[in-house]
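S.K.: Here is my input; please provide its structure:
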Amino acid sequence: MIPISASCPCYDAIGCSKSYPPGGKVSAERRAGSRLIFGYGAVGLPAINAGSVGADADVTSIRSSDPAIIVDPGMASALLSGRKTQVRVGVRSALAQSMPGDRLWVREACIAGRRAAGQDLATALNKAEFAIFTDGWRRYRDGSGKPGRRPGDDDYEWIAATHMPRWASRITLVVEWTRAERLQQITRPDIRAEGALPVLGGLLWRWPRPIPGRRLTARRAFAANWNVNHPTPGDRWEDNPSVIVLGFRVESPPEE
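M.R.: Okay, here's the model as predicted:
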């Protein structure tokens with residue numbers, strides 16, 4: 001059992017080179033086949049290889065019959081703040097069948113925790129009373145939640161997003177509309193709704209960390225991130241594939 005602290009000096013660098021999530025460990029078997037979904041597909045980000053799908057892949061076949069989406073810390077923040085309200089998925093994705101009113105639950109890397117002796121302790125998942133996310137939010141088994149200290153100890157065993165249990169999900173996306181289009185039909189307002197951020201009044205564009213880099217235009221920023229997750233010929237930005245756009249609202253967890 002490890003007390004939850006905020007000791008990691010590189011915490012603010014969410015994509016730091018030490019490990020992912022910051023200051024934590026993800027076991028080798030949980031990293032296997034990792035590939036990003038709502039975010040950056042770099043080595044060490046706990047996600048899954050979902051094949052040829054859209055900017056955000058679904059994990060419908062994994063441990064649940066409900067449609068689910070994996071996000072990294074930056075995209076989780078974008079969802080919770082209301083900055084991200086759209087996602088593009090490939091026409092072969094199970095999410096391409098989504099209809100208005102459908103609910104999609106979000107998976108994130110987390111720590112299994114419990115309360116003992118006046119402290120929040122890291123524990124085994126089957127003993128967890130709550131899940132702890134990179135921003136410190138606690139999600140309890142009864143569906144309630146509250147903010148807390150950010151984790152930052154090197155010895156934490158992080159649960160990869162693909163293994164996060166359904167009860168720990170703190171974000172639900174409710175589909176409000178859908179449309180079919182070619183990928184390159186995306187507009188600058190659409191790119192902002194995908195979560196991209198303008199820098200210096202729009203002179204440069206970037207994605208929430210841990211996605212690296214700045215681009216001269218919103219379209220270049222979107223294209224670069226898309227190709228990280230869709231390198232297969234026919235699915236790349238330059239191939240202009242058909243996609244389904246999902247517009248959604250976010251249901252965030254209640255506080256205690």
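
S.K.: How about the contacts made by the residue nearest to Pro165 when sequence neighbours are not counted?
M.R.: Using C-beta to C-beta, 6 or more residues apart in numbering and skipping residues adjacent in sequence, the residue nearest Pro165 is Leu125, 7.0 Å away. C-beta coordinates here come from the backbone N, C-alpha and C atoms, glycine included. If a contact means C-beta atoms under 8 Å, 6 or more residues apart in numbering, then Leu125 has Ala112, Ile159, His163, Pro165 as its contacts.

S.K.: Okay, now the unreliable bits of the stretch 101-250 of the chain?
M.R.: Residue ranges of the stretch 101-250 of the chain with pLDDT under 70: 153-155, 210.

S.K.: Backbone dihedrals for the spatially most central residue of the chain, please?
M.R.: When C-alpha atoms, centre = their mean is applied to the chain, the residue found nearest the centroid is Val71 (0.9 Å). Here is the backbone geometry of Val71 (degrees, to the nearest 10): phi -130, psi 150.

S.K.: Also Ile159?
M.R.: When read as degrees, to the nearest 10, the backbone of Ile159 gives phi -90, psi 120.

S.K.: show me where the stretch 51-200 of the chain has strands.
M.R.: 68-70, 86-90, 103-107, 111-116, 119-122, 130-132, 138-140, 145-146, 156-158, 172-182, 197-199 (DSSP state E, counting those that start in this stretch).

S.K.: circling back: distance of the residue nearest to the centre of the chain from Lys84?
M.R.: Computed as C-beta to C-beta, to the nearest Å, the Val71 to Lys84 distance reads 9 Å.

S.K.: How about Val228?
M.R.: Taking C-beta to C-beta, one finds Val228 at 17 Å from Lys84.

S.K.: now Gly148
M.R.: To Lys84, Gly148 is 24 Å away according to C-beta to C-beta.

S.K.: more neighbours, these two?
M.R.: Lys84 (25 against 16; other C-beta atoms under 10 Å).

S.K.: The more buried one touches Met75, doesn't it?
M.R.: Yes - using C-beta atoms under 8 Å, Lys84 is in contact with Met75, at 6.4 Å.
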